[in-house]
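**Q** Would you be able to build a 3D model of this:
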Amino acid sequence: MNEPLRIGNASGFYGDRFDAVREMLTGGPLDVLTGDYLAELTMLILGRSRLKDPTRGYATTFLRQLEEGLELAHDHGVKIVANAGGLNPAGLAAAVRELAQKVGVPVRVAHVEGDSLPVPEGFLTANAYLGGAGIAACLAAGADVVVTGRVTDAALVTGPAAAHFGWGPDDYDALAGAVVAGHVLECGTQATGGNYSFFRGHDIRRPGFPLAEIHADGSSVITKHDGTGGVVDVGTVTAQLLYETGGARYAGPDVTARLDTVRLTREGPDRVRISGVRGEAPPPTLKVGLNRIGGWRNEVGFVLTGLDIEAKAQLVKDQFAQALSQARTQPDEVRWELVRADRADAPTEETAGALLRLVVRDQDPEAVGRAVSGAAIELALGSYPGFHVTAPPGKGAPYGVFEAKYVPADEVPHVAVLPDGRRESQKPPVRTQPLRETEEPPLPEPLPSDAPTRTAPLGRIAGARSGDKGGDANVGVWAVSDDAWRWLAHELTVERLRELLPETAGLTVVRHVLPNLRALNFVVHGLLGEGVAAQHRFDPQAKAVGEWLRSRHLPIPVSLLEAVHAPEVNA
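**A** Down below sits the predicted model:
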């Protein structure tokens with residue numbers, strides 16, 4: 001087993017680039033091709049789909065990709081592992097077998113189940129995050145295609161790696177290394193230059209999907225197929241490592257990976273080695289994701305153009321409040337947000353416009369329906385000059401809420417349904433360790449306090465990536481050089497973050513220090529309200545919070561600004 005296991009990714013979410021399966025199977029050598037189709041919001045979408053058709057509840061796109069992909073994978077000797085089973089992995093496995101027979105490709109199909117738990121009253125879905133043991137068992141039994149329900153994203157890599165190298169449940173360091181590699185791969189092209197702060201230095205018009213060369217000790221090299229677009233460098237890998245994580249301990253059902261031990265080394269063009277990852281026993285509990293319909297929601301976007309923007313906005317608010325006061329039902333929550341994208345003496349009408357965004361919520365669909373849409377439309381000829389809206393107001397729609405709870409791992413079945421139909425239960429870990437915070441590491445020596453500074457955007461010397469976990473947001477920030485890290489580690493405190501991002505005022509913010517990555521990771525609790533499906537804010541998944549932070553101005557040492565050579569930050 002001296003040769004590395006080459007694991008590629010062809011999907012970072014349900015709806016990702018359709019051609020990626022073919023591109024990855026034909027672009028270069030692979031042993032395993034994975035696909036991540038599930039997210040918190042996706043489970044809600046699949047839950048609503050299953051209400052309409054109990055035979056569905058899985059990612060149908062995956063099946064369409066396999067119409068060509070099955071034969072390609074068979075011809076190239078590539079195993080396929082995907083969590084596209086969603087709420088119905090058995091149903092998807094049966095559909096894959098039917099497809100294989102139709103296209104004439106001999107395929108051994110297996111699936112993993114047990115994640116679907118009894119759904120509490122008022123909820124649509126309840127699914128535990130399983131690890132990679134079931135996937136490993138399916139592959140060890142000779143499966144060519146393995147589909148799962150809700151496993152951790154990294155399990156799509158730990159399972160194949162454990163099966164290939166024969167790792168046991170106590171091989172913590174190796175498993176932790178695979179978890180880190182899996183976390184880098186899980187979001188597809190985010191590891192190859194997509195959504196990357198320093199995108200201007202690379203051609204990322206069509207980035208290739210990433211792959212990891214996993215070694216027997218759990219170390220890996222992140223790369224991509226030759227000739228594909230995008231870039232793999234220490235920055236792109238760092239950015240993805242910080243995405244949707246928290247502290248130094250990254251807990252999962254297989255192992256708790258220590259992110260503070262990760263070391264990244266450029267090994268060559270588009271090759272970054274991940275080494276040194278330490279692992280610890282997993283926690284005794286599994287995370288369970290719960291989705292429910294939180295109520296009903298409606299939205300209206302009023303376009304305000306030209307002069308007197310503030311006065312026009314106030315007029316709409318006053319008129320709308322008066323109209324709602326006379327309605328039979330009124331929404332429980334009414335939120336206004338004025339987005340000033342306008343400019344003075346604008347050369348086009350659109351650049352002269354601002355957006356006044358109205359969002360209403362209530363448990364009663366009538367309260368956000370006709371009462372709201374009617375009030376908005378009736379203003380059309382009797383409100384501010386230039387009145388128009390971005391789209392005709394609708395009748396409202398249900399919104400979802402994601403909640404997480406934790407249950408003992410030994411109370412959740414984890415079953416590998418092998419290609420021959422045998423059911424093999426996976427045992428929970430014998431050794432566990434409750435999750436706890438690490439001690440904060442020592443900070444680097446600060447730069448001289450008398451160093452001259454110049455006011456500039458933080459993004460001149462730091463990258464960032466942000467994302468969501470339920471109602472919380474994380475903002476990972478990393479420095480572009482050792483000296484920039486010496487400054488960033490002392491300058492960007494929780495208090496400083498609150499000054500730069502006033503929306504975090506009143507919320508609990510926790511800072512985690514990751515010196516090996518020259519990075520700080522902030523978790524902002526409650527920024528996203530009830531989560532992405534509730535669309536609590538303009539950016540409901542906090543995707544751009546990091547870029548907002550990078551755009552903020554503060555005094556930065558001149559020496560750091562003058563040392564920046566990357567063309568993408570020299571503007």
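**Q** Quick check: P442 is in a helix.
**A** No - under DSSP: H, G, I helix; E, B strand; the rest coil, P442 falls outside any helix and is assigned coil.
**Q** ok, how many other residues are close to it?
**A** When neighbours are defined as other Cβ atoms under 10 Å, P442 has 9 of them. All C-beta atoms are positioned from the backbone trio N, CA, C, and that covers glycine.
**Q** residue contacts, F62?
**A** The neighbourhood of F62, defined by Cβ atoms under 8 Å, 6 or more residues apart in numbering, consists of 11, 35, 37, 82, 84, 92, 147.
**Q** Need the three-state assignment for the third one.
**A** It stands for Y37. When the rule is three-state DSSP, Y37 gets the label coil.
**Q** Quick check: it vs P557, distance?
**A** Per Cβ to Cβ, to the nearest Å, Y37 is found 45 Å from P557.
**Q** Off-centre distance for stretch 420-427?
**A** Between the mean C-alpha point of stretch 420-427 and the mean C-alpha point of its chain there is a distance of 31 Å (Cα atoms, centre = their mean, to the nearest Å).
**Q** Can you give me the buried ones in that stretch?
**A** When burial is assessed from 16 or more other Cβ atoms under 10 Å, stretch 420-427 yields the following buried residues: 424, 426.
**Q** got the end-to-end distance for that stretch?
**A** One end of stretch 420-427 sits 20 Å from the other (Cα to Cα, to the nearest Å).
**Q** do stretch 118-126 as well
**A** Between the opening and closing residues of stretch 118-126 there is a gap of 7 Å (Cα to Cα).
**Q** Give the buried residues for that stretch.
**A** Within stretch 118-126, the residues that count as buried by 16+ other Cβ under 10 Å are 124-126.
**Q** which stretches of the stretch 451-571 of the chain have low pLDDT?
**A** Counting by pLDDT under 70, the stretch 451-571 of the chain contains low-confidence residues at 532-536, 565-571.
**Q** Go again with 50.
**A** The stretch 451-571 of the chain contains residues with pLDDT under 50 at 566-571.
**Q** residue ranges of the helices in it, please?
**A** Listed in chain order, the helices of the stretch 451-571 of the chain (DSSP state H, counting those that start in this stretch) span 482-491, 494-500, 545-551, 558-563.
**Q** can you put those helices in CSV and add mean neighbour count and distance to H225?
**A** Conversion of those to CSV gives the following (neighbours: other Cβ atoms under 10 Å; distance: least, Cβ to Cβ, whole Å):
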stretch, mean neighbour count, distance to H225
helix 482-491, 19, 32
helix 494-500, 15, 38
helix 545-551, 20, 28
helix 558-563, 15, 34
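**Q** Select, out of the ones you listed, the one closest to G396.
**A** Taking Cβ to Cβ, helix 545-551 is the member of these nearest to G396, at 27.4 Å.
**Q** Do I have it right that A212 meets I222?
**A** Yes - look at A212 against I222 with Cβ atoms under 8 Å: they come within range, at 5.5 Å.
**Q** how about low-confidence regions in the stretch 151-300 of the chain?
**A** By pLDDT under 50, the stretch 151-300 of the chain has no low-scoring segment.
**Q** all helices for it, in order.
**A** For the stretch 151-300 of the chain, applying DSSP H, counting those that start in this stretch gives helices covering 155-165, 172-185, 234-242.
**Q** Would you mind putting those into a markdown table with distance to A140 alongside?
**A** Listed next are the helices of the stretch 151-300 of the chain as a markdown table, based on distance: least, Cβ to Cβ, whole Å:
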| stretch | distance to A140 |
| --- | --- |
| helix 155-165 | 5 |
| helix 172-185 | 16 |
| helix 234-242 | 29 |
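**Q** Please enumerate the strands of the stretch 351-500 of the chain.
**A** 353-362, 388-389, 397-408, 415-417, 423-425, 453-457, 462-469, 472-479 (DSSP state E, counting those that start in this stretch).
**Q** ok, the fifth one: who's next to it in the sheet?
**A** Paired strands of strand 423-425, with direction, are strand 415-417 (antiparallel) (DSSP bridges).
**Q** ok, residues contacting the strand it pairs with?
**A** 90, 93, 110-114, 133-135, 137-138, 141, 423-426.
**Q** In PyMOL, how would I select the buried members of the residues you listed?
**A** The PyMOL command for the buried members of the contacts of strand 415-417 (criterion: 16+ other Cβ under 10 Å) is given here:
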select buried, resi 93+110+111+112+113+114+133+134+135+137+138+141+424+426
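**Q** Take the contacts of strand 415-417 and keep only those in strands.
**A** Secondary structure assignment (DSSP state E) places 110-113, 423-425 from the contacts of strand 415-417 within strands.
**Q** From G531, how far off is W296?
**A** Per Cβ to Cβ, W296 is found 16 Å from G531.
**Q** Which one's more surrounded, the two?
**A** A direct count of neighbours by other Cβ under 10 Å for W296 and G531 places G531 higher, at 26 against 21.
**Q** Of the buried residues of stretch 118-126, which is the nearest to R357?
**A** Proximity of the buried residues of stretch 118-126 to R357 was ranked by Cβ to Cβ; the top entry is L124 with 27.5 Å.
**Q** quick one: contacts for the closest one?
**A** Listed by Cβ under 8 Å, 6+ apart, the contact partners of L124 are 44, 47-48, 51, 291-293, 400.
**Q** what's the answer for G85, then?
**A** Residues near G85 by Cβ under 8 Å, 6+ apart: 58-59, 91-93, 111-113, 147-149.
**Q** again, 6 Å this time
**A** For G85, the contact set (Cβ atoms under 6 Å, 6 or more residues apart in numbering) comprises 58, 92, 147-149.
**Q** If we ignore the residues flanking it in sequence, what's nearest R496?
**A** Beyond its immediate neighbours in the sequence, the residue positioned closest to R496 (Cβ to Cβ, 6 or more residues apart in numbering) is L554, lying 7.7 Å away.
**Q** Next, count neighbours for that neighbour.
**A** Using other Cβ under 10 Å as the criterion, L554 is surrounded by 14 other residues.
**Q** do the same with the one 3 residues further on
**A** The burial count assigned to P557 is 21, neighbours taken as other Cβ under 10 Å.
**Q** who's it bridged to?
**A** On DSSP bridges, the residues paired with P557 through beta bridges are T453.
**Q** Surely it touches R454?
**A** No - the pair P557 and R454 does not pass the contact test of Cβ atoms under 6 Å, sitting 8.1 Å apart.
**Q** Identify the neighbouring strands of the strand ranked longest in the chain in the sheet and state each direction.
**A** In the chain, assigned by DSSP E, the strand with the most residues is strand 285-305. Here strand 285-305 has these sheet partners by DSSP bridges: strand 125-128 (antiparallel), strand 353-362 (antiparallel), strand 388-389 (antiparallel), strand 397-408 (antiparallel).
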